[in-house]
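Participant: My questions are about this predicted structure, shown below with the sequence.
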Amino acid sequence: MHATASDTAANELPVLNGTRLRLRGIETDDFDAFYALHSDPQAMRYWSFPAWTAREQAQAYFETACSSRDPGRMLCWAMADIADDALIGAATLCDIDREQGRATVGYVLSRDRWGRGLAREAVSLMLVHAFDTLALRRVEADIDPRNEASCRLVERVGFRREGLLRERWHTAGELCDTVMYGLLAREFVRDA
């Protein structure tokens, strides 16, 4: 995987180009696809909040995602199909702490795109940016242990399982555990 970032000003969100997808800023025209993604109960099964059931629920979250372009705190990207630039998922590098050299990665992909390695491509693009551009030394992932596909994804790029946090999330009336994964820059499996 060779990631290329477009030229951006210091406080703008970089566009990260991969082989099959592009990580770009979330735009106002993406609202319908963004809502469809976050209202799919299967896609949202293991998130820290339940799938939306009304468009009004999406508005504040969407506005935050559109404006989260602060490389010192949080970077929210649209996963876009490189062929037509349509939003097919979302990717986030959040809890960025430059002083401590760490951040957390998150992602969600439209169900009709599962099983094609696209989420893995998006995670790899974010990791290249985190380690090479932001010079972080550690990236973490917080994953529901029942989400076996996501656990396998992060393990393939070098993340190590570091612990289980029991009943960490209360989502949709259900108590959920978290498996914490960590990846050090020197452990990152590039071009995975």
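Facilitator: Arrived safely, thanks for sending. Residues are numbered from 1 along each chain as shown.

Participant: Which pLDDT does the model give the most far-flung residue of the chain relative to its centre?
Facilitator: The centre of the chain is farthest from one residue, residue 173, which by CA atoms, centre = their mean lies 24.2 Å away. Per-residue confidence for residue 173 comes out at a pLDDT of 81.

Participant: dump the residue contacts of it.
Facilitator: By CB atoms under 8 Å, 6 or more residues apart in numbering, the contact list for residue 173 is empty. Backbone N, C-alpha and C define where each C-beta goes, glycine included.

Participant: Run the chain-centre distance for stretch 175-186.
Facilitator: 13 Å (CA atoms, centre = their mean, to the nearest Å).

Participant: Can you list the strands that the helix or strand hosting residue 182 pairs with?
Facilitator: Assigned by DSSP states H and E, residue 182 falls within strand 174-184. Paired strands of strand 174-184, with direction, are strand 138-143 (antiparallel), strand 160-171 (antiparallel) (DSSP bridges).

Participant: about what we covered before: relative to residue 138, how far out is the residue farthest from the centre of the chain?
Facilitator: Applying CB to CB, to the nearest Å, the value for residue 173 to residue 138 is 33 Å.

Participant: just the helices in this structure please.
Facilitator: Here the chain has its helices, by DSSP state H, at 31-38, 55-67, 118-128, 148-156.

Participant: worst average pLDDT in these?
Facilitator: Among the helices of the chain, helix 55-67 scores lowest, with a mean of 79.

Participant: With that, I have no additional questions.
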